[in-house]
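**Student:** 3D model of this:
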Amino acid sequence: MKPCPRCGTVPPLLTPEQAASLGAEIPISPKLRAEASVYAERLDRCGECSALREQILCAHCGCLVVFRARLKNAGCPSPEGDLWSKA
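**Tutor:** Predicted coordinates:
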């Protein structure tokens, strides 16, 4: 696995399926959690992004996309602008 694009360390070996399972299990208050349809759309857009590494990491910020995408007020960290809000 390639090093983390942000800190240079090698992240734990997670498959995309394991990352998705972890993302689904994180307890997030309904006030902070994005709706399921929004979450799915965000992951679709991440999947089309050239900055997605190892199918789980964002090269712009180094986050696991399954975690960031679950947060209602989170945005895409792309320098080109928030790809999640573009239609």
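
**Student:** low-scoring stretches of this protein, by residue?
**Tutor:** 1-13, 86-87 (pLDDT under 70).

**Student:** Any figure for the gap between the residue positioned nearest the centre of the chain and residue 74?
**Tutor:** Centroid-nearest residue in the chain: residue 65, 1.0 Å away (criterion: CA atoms, centre = their mean). Distance check for residue 65 against residue 74: by CB to CB, to the nearest Å, it reads 10 Å. Every C-beta, even on glycine, is put in place using the N, C-alpha and C of the backbone.

**Student:** Same question for residue 57.
**Tutor:** On the measure of CB to CB, residue 57 and residue 74 end up 15 Å apart.

**Student:** So if I had to pick from those two, which one is more boxed in?
**Tutor:** More neighbours surround residue 57 than the other of residue 57 and residue 74, with 24 against 16 (other CB atoms under 10 Å).

**Student:** I'd guessed that one sits against residue 68; true?
**Tutor:** No - judged on CB atoms under 8 Å, residue 57 makes no contact with residue 68 at a distance of 10.4 Å.

**Student:** circling back to that earlier point, look up how far residue 15 lies from the closest residue to the residue nearest to the centre of the chain other than its chain neighbours.
**Tutor:** Nearest non-adjacent residue to residue 65, counting by CB to CB, 6 or more residues apart in numbering: residue 46, 4.5 Å away. As for residue 46, its distance to residue 15 is 16 Å (criterion: CB to CB).
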